[in-house]
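In: Pasting the sequence and the predicted coordinates here, then a few questions.
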Amino acid sequence: MPSRHAILSPSSSKRWMACPPSALAESKRPREDTSYSAEGTLAHSTAEVLLRYLLAGNHMQTLDMERVIAAVESPRLGDYITGETLAMLRELSLQATQLGLDYSEMLDYVGSYVDLVYGNYLEAKAQDPDAQLLVEAELNLATYIPDGFGSSDAVLMYDINGIGTLEVYDLKYGKGIKVDAQGNTQMLCYALGACLGPADCYCVDQVRMTIVQPRLGWVSTSQIRYEYLIAWAQEVLHPAALKAYKGEGHRHAGSHCQFCAVRPTCRAAAAFAQATKAVNGLPDQLTPEELSALLDSLPGIKSWLSCVEDYALGLARSGGSIPGYKLVEGRSISKVSDAAGLYKTLHNAGLSDSTIYKPQELRGLTELKSLLGSAKYKELVAPWLIKPAGKPTLVKDSDPRPAITDAASEFSNINL
């Protein structure tokens, strides 16, 4: 996977297009790796290894992921995937273990992304023998974004009946928020970079952009004509990129602030959060339209408040002073220093084992899956699982889940 990061990266384009000064401000902050970014990197590396293996062998079908998982889990079952590919997967499995992750589960999820991408490639190849699939394709965006570059997880190019088609794919391994491909600036940047580079010889007419979030069971695809993509790049992207590169324009807060490195100390973000004070009256006095606007703002406000708390704590721990606040030791829970020693003491005091120990209980499902492996888990445990109805939740109209038609009766059966 690429390790360089552009100041105006496609992944943060929504943010710097909406808030141009944020890009230069963020570039002065050191990048902080988190457990989530490490997990995402591991998933993308796994997808890259699997797709390159399929392409190198010119396979005419996708992978049997249960056999892949079995080969990675057991040294005796390395007959399905062998050699360097198996070695790389086992190395990634070791990294997952060090991060406390279930690599068999990751392989299962990533496998669905690989299956989709390579399956589409095989379909295109059947109609156009010259179809190409590029993995982790490096893209040059400098024509429209100063010093702009990036990489797309997968780029598929083919020509059928004289119609050049470009498809770009983005694997998002997180399970927090579903991301829509429609109007997604990151995907538009990837598509633009592919059109300017590897797909230039295909005379692209239509562009398809697909986001895959396997842990959410979510696939979103959007399509745009080549001429509209270029018009967007010239009229919208380029002017915004020039502003952002120079640090010009005004700070503007909104949903795009979620992953901004400077938001804890951003005055625009603070003003955005405080804007709710301007709402007159109590919640039951708001109109449905005012309530809808407030609900749209809540995720960004909650996220910002949490970010401010973390930043303030970090500042205090590093010796900084915050007027009116001090750093103290928080509450802690007592722990047994020596379980065997405590047992002996209690046993000698006349307590029975049934009194000292909890009753025997089943291990948690995550632990069972880790112990059994994905294949055995599906065979032995899955038939005994049930999934109760979820608690009613208020979501946007764009959510694919069907609406509860009789909300009053549904809510009456829920114990809150």
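Out: Sure, I can see it.

In: what's the spacing between the residue located most distally from the centre of the chain and Ile356?
Out: Distance from the C-alpha centroid of the chain peaks at Gly350, with 54.2 Å (CA atoms, centre = their mean). For Gly350, the distance to Ile356 equals 11 Å [CB to CB, to the nearest Å]. For the C-beta atoms, the positions are set from N, CA and C on the backbone; glycine is no exception.

In: So for the helix or strand encompassing Ser104, mean pLDDT?
Out: Element membership for Ser104, per DSSP states H and E: helix 103-127. For helix 103-127, mean pLDDT is 94.

In: Please list all residues in contact with the residue lying closest to Pro146 once chain neighbours are set aside.
Out: Spatial nearest neighbour of Pro146, excluding adjacent residues (CB to CB, 6 or more residues apart in numbering): Tyr245 at 4.3 Å. Neighbouring residues of Tyr245 by CB atoms under 8 Å, 6 or more residues apart in numbering: 7-8, 23-24, 145-147.

In: gap between the helix or strand encompassing Tyr245 and the chain center?
Out: Here Tyr245 sits within helix 238-246, counting by DSSP H and E. Averaging C-alpha positions (CA atoms, centre = their mean, to the nearest Å) puts helix 238-246 27 Å from its chain's average.

In: where do the strands sit along this structure?
Out: 132-140, 149-160, 163-171, 204-213, 218-225 (DSSP state E).

In: Can you say which of those is nearest to Gly249?
Out: Smallest distance to Gly249 across these (CB to CB): 22.0 Å, for strand 149-160.

In: orientation of that closest one relative to helix 103-127 in degrees?
Out: 40 degrees (axes from the mean of the first three to the mean of the last three CA atoms, to 10 degrees).

In: packing partners for strand 149-160?
Out: Contacts defined by 3 or more CB pairs under 8 Å, 6 or more residues apart in numbering; DSSP states H and E place strand 149-160 against helix 35-56, helix 103-127, strand 132-140, strand 163-171, helix 185-196.

In: Of the ones you listed, flag the one that's most buried.
Out: helix 185-196 (a mean of 25; mean count of other CB atoms under 10 Å).

In: what are the ranges of the helices in the stretch 201-350 of the chain?
Out: All helices of the stretch 201-350 of the chain, identified by DSSP state H, counting those that start in this stretch, fall at 226-232, 238-246, 267-274, 288-317, 339-348.

In: how about a markdown table for those helices, with distance to Arg401 and mean pLDDT added?
Out: Output for the helices of the stretch 201-350 of the chain, formatted as a markdown table (distance: least, CB to CB, whole Å; pLDDT from 0 to 100):
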| stretch | distance to Arg401 | mean pLDDT |
| --- | --- | --- |
| helix 226-232 | 31 | 95 |
| helix 238-246 | 34 | 94 |
| helix 267-274 | 29 | 76 |
| helix 288-317 | 17 | 79 |
| helix 339-348 | 45 | 91 |
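
In: most neighbours per residue, which of these?
Out: Most buried among these, counting by mean count of other CB under 10 Å: helix 238-246, with a mean of 18.

In: Just want the angle from that one to helix 185-196.
Out: Helix 238-246 and helix 185-196 are oriented at 110 degrees to each other (the same axes, to 10 degrees).

In: State the distance from the one residue sitting closest to the centre of the chain to Thr62.
Out: For the chain, the residue nearest the mean C-alpha position is Gly174 (2.9 Å; CA atoms, centre = their mean). From Gly174 across to Thr62, the span is 24 Å (CB to CB).

In: do the same with Asp159
Out: Distance, Asp159 to Thr62, using CB to CB: 23 Å.

In: Please apply the same query to Ile69.
Out: Taking CB to CB, one finds Ile69 at 14 Å from Thr62.

In: higher neighbour count, these two?
Out: Set Ile69 next to Thr62 and count neighbours by other CB atoms under 10 Å: Ile69 wins out with 24 against 18.

In: OK, contacts around that one?
Out: Contact analysis of Ile69 by CB under 8 Å, 6+ apart lists 104, 107-108, 373-375.

In: give me that answer again for 6 Å
Out: Counting by CB atoms under 6 Å, 6 or more residues apart in numbering, Ile69 makes contact with 104, 107, 374.

In: excluding its backbone neighbours, what's nearest the first one?
Out: To tie it back to what came earlier, the one meant is Ser104. Leaving aside its sequence neighbours, Ser104 sits nearest to Ser374 (CB to CB, 6+ apart; 4.5 Å).

In: ditto for the second one
Out: On the basis of CB to CB, 6+ apart, the spatially nearest residue to Leu107 that is not a chain neighbour turns out to be Ile69, at 5.1 Å.

In: For this protein, name the helix or strand with the lowest mean pLDDT.
Out: None of the helices or strands of the chain scores lower by mean pLDDT, DSSP states H and E than helix 407-412, at a mean of 51.

In: So, low pLDDT: which residues of the stretch 151-300 of the chain?
Out: Under the criterion pLDDT under 70, the flagged ranges of the stretch 151-300 of the chain are 201, 275-284.

In: ok, now with 80
Out: 199-202, 254-255, 257-259, 263, 269-286, 290-291, 293-300 (pLDDT under 80).

In: what's the span of stretch 335-352, first residue to last?
Out: Using CA to CA, to the nearest Å, one end of stretch 335-352 lies 22 Å from the other.
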